[in-house]
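Enquirer: predicted structure and sequence below. I'll ask about it afterward.
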Amino acid sequence: MNQFITLALANGIPLDTLVLVLILPIIVTVIAFFRQVIGIKAFGIYTPAIITFALLATNQIKYGITIFVTVIVVGTLTRFILKRARLLYLPRVAIMITIVGFSILLLLFVGGTFNRTGLASVSIFPILIMITLVEKFVAVQIEKGGRAAVILAFETLLISIIGYYIASWHFLISAILQYPWISLLTIPINIFLGKWTGLRISEYFRFRQILKPR
């Protein structure tokens, strides 16, 4: 290990914390690349990053995906039901979070009943992160419509899954523990991405009829 890492461990900083903090710049840079170059929008940059770490905190990624999809489906159905009640925004979101929370509790109960111990023992950290996604989801539904919100939700999930595999890549973890300064290389990469003025890859498909040579 690098001397800095060894010193940090000797001073009581957990190894998992060091790894996550050092990998965070790489994860957010990957998200920025997907947004700026490929054109996958997702829910900003913070939400995919935090969901990536929520997936890491679950016992298996399939359980994290199950919780995520449950939150989106129940949140969509609840908003549709509450739409006719004409409630103010915050009370409506509070009701949605309550219903989503009980839905996740039911999901964990079902997991325990069918001996899916990995699902039943998911810690509170990833569950809370997934549940709080409801507010972001509702805000996008109000602003851009239900279809756009669902697309953004699954784009967020896609980027988060990619981030999960990057953050759990043993070669990358070993490299970062040996050379922590690798994370600083994301700064010039982001400067390059910040000056990106070309078309996104998704836009080449979107405007392919216009871009065809005549």
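Expert: That came through, no problem.

Enquirer: residue 163: how many residues sit nearby?
Expert: By other CB atoms under 10 Å, the residues close to residue 163 number 24. C-beta here means a position set from N, CA and C on the backbone, and glycine is covered the same way.

Enquirer: please identify the buried residues of stretch 90-99?
Expert: By 16 or more other CB atoms under 10 Å, the buried positions in stretch 90-99 come out as 92, 93, 95, 96, 97, 99.

Enquirer: what comes into contact with that stretch?
Expert: Here stretch 90-99 makes contact (CB atoms under 8 Å, 6 or more residues apart in numbering) with 74, 75, 78, 79, 82, 85, 87, 131, 132, 134, 135, 138.

Enquirer: so the fifth one, which state does it fall into?
Expert: By that I understand residue 82. Secondary structure, DSSP: H, G, I helix; E, B strand; the rest coil: residue 82 is helix.

Enquirer: excluding chain neighbours, give the residue nearest to it in space.
Expert: Spatial nearest neighbour of residue 82, excluding adjacent residues (CB to CB, 6 or more residues apart in numbering): residue 92 at 5.4 Å.

Enquirer: now that neighbour: which helix or strand?
Expert: helix 89-113 (DSSP states H and E).

Enquirer: now the strands for the protein?
Expert: Counting by DSSP state E, one finds no strands in the chain.

Enquirer: and the helices in it, which stretches?
Expert: 3-10, 15-33, 46-57, 61-82, 89-113, 117-120, 124-144, 146-167, 170-178, 186-194, 201-206, 208-211 (DSSP state H).

Enquirer: I figured residue 176 was touching residue 183, is that so?
Expert: Yes: in this structure residue 176 lies within contact range of residue 183 using CB atoms under 8 Å: 6.7 Å.

Enquirer: more neighbours, those two?
Expert: Applying other CB under 10 Å to residue 176 and residue 183 shows that residue 176 carries more neighbours, namely 20 against 16.

Enquirer: how far away is the more buried one from residue 48?
Expert: Residue 176 sits at a distance of 20 Å from residue 48 (criterion: CB to CB, to the nearest Å).

Enquirer: likewise residue 171?
Expert: Distance from residue 171 to residue 48, by CB to CB: 22 Å.

Enquirer: do residue 164 as well
Expert: From residue 164 across to residue 48, the span is 10 Å (CB to CB).
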